[in-house]
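Okay, sequence plus prediction incoming.
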Amino acid sequence: MAISRIDSRNTHGWSVRVARGSKKHGTWKEINGFFSDKKWGGRDIALQQAREYEVKLLIENPEMEPAPFKEFPQANCSTGVCGVSRTFKRCRRNRDILYWGYAVLYKTADGRRATKFFSENKYGEDEAFERAVAFRKEWEKQVKRKGAAVKRTSLRTQIPGTALTREHAST
């Protein structure tokens, strides 16, 4: 949103611009208005009208809230589950040693991005995947219920022992 002054050869007035949405997601909407000094009887009155128009536009077009998470996996998703990826961690003492597992991406209550790692060494490949999917699904349920991100600690205590397999995870 912006009000800017335009003073060119034959044009004198105030331009109002309010933009909403996202070009990337196809929800982009831009609303413009121009308040001429001549039409409104002077520079100050035109500015006052432009400000009133801006307030009206902001009330009629509130800021769009982004989706808290993606519902469907992207084309490059290798696991078939949004927010779950197969990756590795390096050993702290010997950087050549890799620990493979599944990482879950989510947001904390204060909006920061966080990662939870489920090790294949600890659980085995299938159970690590199942636990990662269960963790992500539980987080998604809590976000839908509360309408916002949830605290890290509340998810740690609620990982159900589920029997999900990779075939079931994509449904």
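Nice, I can see it. Because the structure is predicted, anything quoted here is derived from the model rather than measured.

Just give the nearest non-adjacent residue to residue 121, would you?
Nearest residue to residue 121, sequence neighbours excluded (C-beta to C-beta, 6 or more residues apart in numbering): residue 99, at 5.7 Å. From N, CA and C alone the C-beta is placed, and that goes for glycine too.

Just the element for the one you found, please.
Assigned by DSSP states H and E, residue 99 falls within strand 98-107.

After that strand, which helix or strand is next?
strand 113-119.

Any buried residues in whichever helix or strand comes after that following strand, and which?
Per DSSP H and E, the first helix or strand lying C-terminal to strand 113-119 is helix 120-123. Of the residues in helix 120-123, 120, 123 count as buried by neighbour count, 16 or more other C-beta atoms under 10 Å.

Could you check the next helix-or-strand element following helix 120-123 and say which residues are buried?
Using DSSP H and E, the helix or strand that follows helix 120-123 in sequence is helix 125-146. For helix 125-146, the neighbour count (16+ other C-beta under 10 Å) marks 128-140, 142-143 as buried.

elements contacting helix 125-146?
Applying 3 or more C-beta pairs under 8 Å, 6 or more residues apart in numbering; DSSP states H and E, we find helix 125-146 packed against strand 84-90, strand 98-107, strand 113-119, helix 120-123, helix 152-156, helix 166-169.

what are the pairing partners of the first one, and which direction each?
Looking at strand 84-90 with DSSP bridges, its paired strands and their directions are strand 98-107 (antiparallel).

Averaging pLDDT per element, find the lowest-scoring helix or strand in the chain.
Here the helix or strand of the chain ranked lowest by mean pLDDT, DSSP states H and E is helix 166-169, holding a mean of 42.

The residue of the chain positioned farthest from its centre and residue 117, how far apart?
The outermost residue of the chain relative to its centre, with distances by C-alpha atoms, centre = their mean, is residue 41 at 45.0 Å. The gap separating residue 41 from residue 117 is 66 Å, by C-beta to C-beta, to the nearest Å.

Run the angle between the strand holding residue 99 and strand 113-119 for me.
Strand 98-107 runs at 140 degrees relative to strand 113-119, counting by axes from the mean of the first three to the mean of the last three C-alpha atoms, to 10 degrees.

mind checking pLDDT for residue 69?
Model confidence at residue 69, given as pLDDT, is 63.

got a list of what residue 77 touches?
Shown in contact with residue 77 (C-beta atoms under 8 Å, 6 or more residues apart in numbering): residue 85.

In three-state terms, label it for me.
Put simply, residue 77 is coil when judged by DSSP: H, G, I helix; E, B strand; the rest coil.

Let me know the pLDDT of it.
On the pLDDT scale, residue 77 gets 72.
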